[in-house]
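# prediction below, plus the sequence it came from.
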Amino acid sequence: HDRAAGFVRYGMRETASDGMALSPIGLRAGGLASLCEGESLPGSPFFHSSKNREGYMKNTFGNALGLTIFGESHGAAVGAVLDGLAAGLPVDEAYIAERMDRRRARGDGLSTARTEADAVEFLSGVYEGRTTGTAVTLMIRNLNTRSGDYAKTADFLRPGHADWTAHLKYRGFQDARGGGHFSGRITAASVAAGTICETVLSGLGVKVYTHIAECAGVQDAPLSSAAGLVMPDPQPGHFALLDASKEEAMQAAIRAAGSEGDSVGGILETIVTGLPAGIGEPWFDSVESELAHLMFAIPACKGIEFGAGFGFAAMHGSEANDPFTMRDGKIATATNKNGGINGGITNGMPIVFRTVLKPTPSIYKQQHTVDYIGRTDAELQIKGRHDPCIVPRAAVVQNSLTAFGLLDLLTVRYGTLAQKHGFPKV
């Protein structure tokens, strides 16, 4: 590696396709020109800059609170570090186990056959059921991995996956087994950490609820965010729905797609009640900005809308505005088309937003792709264990990350002591 000369020296091997390509172990024995798709390297600021972030992976998010995730799908474990919590907050391990169970696969044809115990181990920051005020470090061991399922097609880019983009960014050093750090497996750590935040919010009167608004074309009952609804908690092994009678049709659609080697997606809707007005910032740290940032940390999330969302496009201003009114001596709005947020700041109404999750990209149908080592077209038949739909399992992930984001925003506004003692009433 010779930065002074303005280039990087690596070994190369020839192929019949373009005369230069990467070996199966990646750029450690591959051609940089092939990787960079013909970019000129001498004098490039990418290689000269002292702030070069080649191979850099950002795993931490938050302002007053910090959430760091770690691990790979087929590594020893996944986990999280949650920093910025006040001392003495409750850590309900039984409740965490319950939330982990909602995310856990059951190998029942509705989710992947890879079943994990998902037992959460606390390494620091928790003592006798309470936070100590130092960083909470938790770990979830991977006990059911089959890396050999991926060996025969390791050189084939899986459509819809991050194989190619990860290789370009991390130069072949990424752990590609089971998707590595890009796998939905990592969300187990997000659920464990976010559930701690959800417990804190619940103690402050803030409730977060996520249901499956739509799955495989089957819609749940509509949500009225202005009615102070009491959301039903799903029974273990069942879907998060307002209308439980919709589950049978959703399950049938998922099983039908799975039986054909295909997959389906859906829409998750979250409502937050009890959050005070005045939380958030008007520009880059708006409530929408923080929540959207976290939602796009859920694999397969491809879109988000708040309140009426894209429905605003068909409205006039007279239809889109939420008239203010007095309700029980407090200022409220008669409708909630803006989803509880004005100018990036909470207005006291329930926060309502929806995300769309694409169908699981790992499908068993034959797909056209590229052998990125040989630089040839190829046909791919994916092996391994995969979900025909991740929407039911992702509901608790969305709930947990929402809880973390909102507790972060509350702590920015009122400080760490508010986590224990509450916030001023507006």
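Done, it's in.

# tell me where the stretch 1-150 of the chain is predicted with low confidence.
Low-confidence segments of the stretch 1-150 of the chain (pLDDT under 70): 1-57, 112-116, 144-150.

# out of everything not next to it in sequence, what's closest to the residue nearest the centre of the chain?
With distances taken as C-alpha atoms, centre = their mean, residue 298 lies nearest the centre of the chain, 1.6 Å away. Of all residues not flanking residue 298 in the chain, residue 397 sits nearest, at 5.5 Å (C-beta to C-beta, 6 or more residues apart in numbering). Any C-beta I mention is one placed from the backbone N, CA and C, and that applies to glycine too.

# OK, contacts around that neighbour?
Under the criterion of C-beta atoms under 8 Å, 6 or more residues apart in numbering, the contact list for residue 397 reads 103, 187, 190-191, 194, 298.

# at 10 Å what do you get?
99, 102-103, 184, 186-188, 190-191, 194, 210, 268, 294-295, 297-299, 301, 357, 390 (C-beta atoms under 10 Å, 6 or more residues apart in numbering).

# just the buried residues of these.
Neighbour-count burial (16 or more other C-beta atoms under 10 Å) is assigned, among these, to 99, 102-103, 184, 186-188, 190-191, 194, 210, 268, 294-295, 297-299, 301, 357, 390.

# can I assume the residue nearest to the centre of the chain is in contact with residue 355?
Yes - the pair formed by residue 298 and residue 355 meets the contact definition of C-beta atoms under 10 Å, at 7.3 Å.

# for the residue nearest to residue 246 when sequence neighbours are not counted, give me the backbone phi and psi.
Leaving out its chain neighbours, the residue that sits closest to residue 246 by C-beta to C-beta, 6+ apart is residue 220, at 5.3 Å. Backbone torsions for residue 220, taken as degrees, to the nearest 10, come to phi -80, psi 170.

# state the distance from residue 220 to residue 336.
Noted for residue 220: a distance of 18 Å to residue 336, by C-beta to C-beta, to the nearest Å.

# how about residue 305?
Residue 305 is 14 Å from residue 336, by C-beta to C-beta.

# these two: which is more packed in?
residue 336 (22 against 19; other C-beta atoms under 10 Å).

# that's a strand at the more buried one, yeah?
No - going by DSSP: H, G, I helix; E, B strand; the rest coil, the assignment for residue 336 is coil, not a strand.

# could you look up the SS state of the nearest residue to residue 287 once chain neighbours are set aside?
Once flanking residues are discounted, residue 287 sits nearest to residue 280: 3.9 Å by C-beta to C-beta, 6+ apart. Three-state call for residue 280 (three-state DSSP): coil.

# longest helix anywhere in this structure?
Looking across the chain with DSSP state H, the single longest helix is helix 391-414.

# list the buried residues in it.
391-414.

# any idea of the mean pLDDT in it?
The average pLDDT within helix 391-414 is 96.

# kindly export that helix (C-alpha atoms) in CSV.
Output of helix 391-414 as CSV, limited to C-alpha atoms (Å, rounded to 0.1, in the frame of the first residue of the first chain):
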residue,chain,number,x,y,z
VAL,A,391,-43.4,-8.0,8.0
PRO,A,392,-44.8,-9.9,11.0
ARG,A,393,-41.4,-10.2,12.7
ALA,A,394,-40.4,-6.6,11.8
ALA,A,395,-43.4,-5.0,13.7
VAL,A,396,-41.6,-5.3,17.0
VAL,A,397,-38.3,-4.0,15.5
GLN,A,398,-40.1,-0.9,14.3
ASN,A,399,-41.7,-0.5,17.7
SER,A,400,-38.3,-0.8,19.5
LEU,A,401,-36.4,1.6,17.3
THR,A,402,-39.2,4.1,17.6
ALA,A,403,-38.9,3.9,21.3
PHE,A,404,-35.2,4.5,21.2
GLY,A,405,-35.6,7.5,18.9
LEU,A,406,-38.3,9.1,21.0
LEU,A,407,-36.4,8.6,24.3
ASP,A,408,-33.4,10.2,22.6
LEU,A,409,-35.4,13.2,21.6
LEU,A,410,-37.0,13.5,25.0
THR,A,411,-33.6,13.4,26.7
VAL,A,412,-32.2,16.0,24.3
ARG,A,413,-35.2,18.3,25.3
TYR,A,414,-35.4,17.6,29.1
